[in-house]
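Student: Model the following, please.
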Amino acid sequence: MLFVFHALDKLDHLDLRRAHTDEHVAYVKGASSVKLVLAGPFIGADGESVIGSLIVVDAADADTASAFFENDPYNKAGLFEATRITAWRKTIGWNDPD
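Tutor: Numbering: from 1, shown residues only. Next comes the predicted model:
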């Protein structure tokens, strides 16, 4: 089942994000408990500033997805102001024949 992790950064926490980016990217790319579908940052209205994260994973169940997201280095560092995990069903996109 697919799960979406939607997170918005705390204001003025770009330094915290930068300090943990390498660890975060390695964690997401090295996922073994879930299959990474896609991931990337949310961008602010200025078209440049990073304001949050979106990660979609394929996981056995909600508990597995939640554990993966809870252990994300950004999350553990306290970067996020708000987070949400939602089960999701892909209907259209990414050249997938589904």
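Student: burial of Asn71, as a residue count?
Tutor: 12 (other Cβ atoms under 10 Å). Just so you know, the C-beta spots here come from the backbone N, C-alpha and C atoms, and that holds for glycine as well.
Student: Isn't it up against His24?
Tutor: No - the pair Asn71 / His24 is not scored as a contact, 10.8 Å apart, by Cβ atoms under 8 Å.
Student: Where does the prediction get shaky in the chain?
Tutor: 94-98 (pLDDT under 70).
Student: all helices of it, in order?
Tutor: For the chain, the helices defined by DSSP state H occupy 14-29, 62-70, 73-76.
Student: List the buried residues for the shortest one?
Tutor: Under the neighbour-count criterion of 16 or more other Cβ atoms under 10 Å, helix 73-76 has 73-75 buried.
Student: out of those residues, who's nearest Lys29?
Tutor: Of all the buried residues of helix 73-76, Lys29 sits closest to Pro73, with 12.1 Å by Cβ to Cβ.
Student: Quickly note the distance from that closest one to Asp58.
Tutor: To Asp58, Pro73 is 21 Å away according to Cβ to Cβ, to the nearest Å.
Student: again, but for Asp9
Tutor: Asp9 sits 25 Å away from Asp58, going by Cβ to Cβ.
Student: neighbour count winner among these two?
Tutor: Remark: of Asp9 and Asp58, Asp9 carries more neighbours, 22 against 14, as counted by other Cβ under 10 Å.
Student: tell me the contacts of Lys10?
Tutor: By Cβ atoms under 8 Å, 6 or more residues apart in numbering, the contact set of Lys10 is 16, 78-81.
Student: and with 6 Å instead?
Tutor: Lys10 sits next to Glu81 when contact means Cβ atoms under 6 Å, 6 or more residues apart in numbering.
Student: got the contact list for stretch 25-37?
Tutor: Residues from elsewhere that reach stretch 25-37 (Cβ under 6 Å, 6+ apart): 39, 56-59, 64, 68, 73.
Student: Strands of the protein, start to end?
Tutor: All strands of the chain, identified by DSSP state E, fall at 2-9, 35-43, 50-58, 80-88.
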